[in-house]
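# sequence isn't available, so here's the structure alone:
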């Protein structure tokens, strides 16, 4: 019939052409997005934890454990001092996390950071640490320091967590 319109009922060729055009537009936008997006080599920022250590030593009124320096490739990503505790988070070159938590509120810190199954004790450089295996297979070490509790917890291999704990001092 002459004069009839296909507006409400397009031909299959029209539908296929429209889908192809839209697909090319989406693919083009995706390609442009990939070109202008920069993914950093280290997506978490590093912090200088030494200032937090000094603040913690001044504010907390007890010996504060901290590493003198981090192993090569390790980065401090968080360092916080609160009225009752201080924390330090570091990341290994393999993107594994190791955290140090220390404060006088023993019960709260243990409940928050030291869940897991007891594995006995380990002695590191003449210092005895209680060891646990965490819910996510992390190594957890705890000890008392000058009336406070210190906890080292990490997803890094056990040996690395033990070495990190043995590097901590209150100097």
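Structure received. The model shown is predicted, which means the values in this text are computed figures rather than measured ones.
# strands of the chain, start to end?
With strands called from DSSP state E, the chain shows them at 66-67, 75-81, 85-91, 97-103, 117-124, 127-133, 139-145, 148-154, 168-169.
# turn these into a markdown table, including mean neighbour count and distance to residue 46.
All C-beta spots, glycine's among them, are computed from the backbone N, C-alpha and C. Below are these laid out as a markdown table (neighbours: other Cβ atoms under 10 Å; distance: least, Cβ to Cβ, whole Å):
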| stretch | mean neighbour count | distance to residue 46 |
| --- | --- | --- |
| strand 66-67 | 22 | 14 |
| strand 75-81 | 18 | 4 |
| strand 85-91 | 23 | 9 |
| strand 97-103 | 22 | 14 |
| strand 117-124 | 12 | 26 |
| strand 127-133 | 16 | 27 |
| strand 139-145 | 20 | 23 |
| strand 148-154 | 24 | 17 |
| strand 168-169 | 18 | 19 |
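# tabulate these (a markdown table), appending mean pLDDT.
Converted to a markdown table, the strands of the chain look like this (pLDDT from 0 to 100):
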| stretch | mean pLDDT |
| --- | --- |
| strand 66-67 | 92 |
| strand 75-81 | 91 |
| strand 85-91 | 93 |
| strand 97-103 | 93 |
| strand 117-124 | 88 |
| strand 127-133 | 92 |
| strand 139-145 | 92 |
| strand 148-154 | 93 |
| strand 168-169 | 90 |
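# turn those strands into a markdown table, columns for distance to residue 19.
Formatted as a markdown table, the strands of the chain follow (distance: least, Cβ to Cβ, whole Å):
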| stretch | distance to residue 19 |
| --- | --- |
| strand 66-67 | 59 |
| strand 75-81 | 46 |
| strand 85-91 | 45 |
| strand 97-103 | 46 |
| strand 117-124 | 56 |
| strand 127-133 | 54 |
| strand 139-145 | 54 |
| strand 148-154 | 51 |
| strand 168-169 | 62 |
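# perfect, I'm done here.
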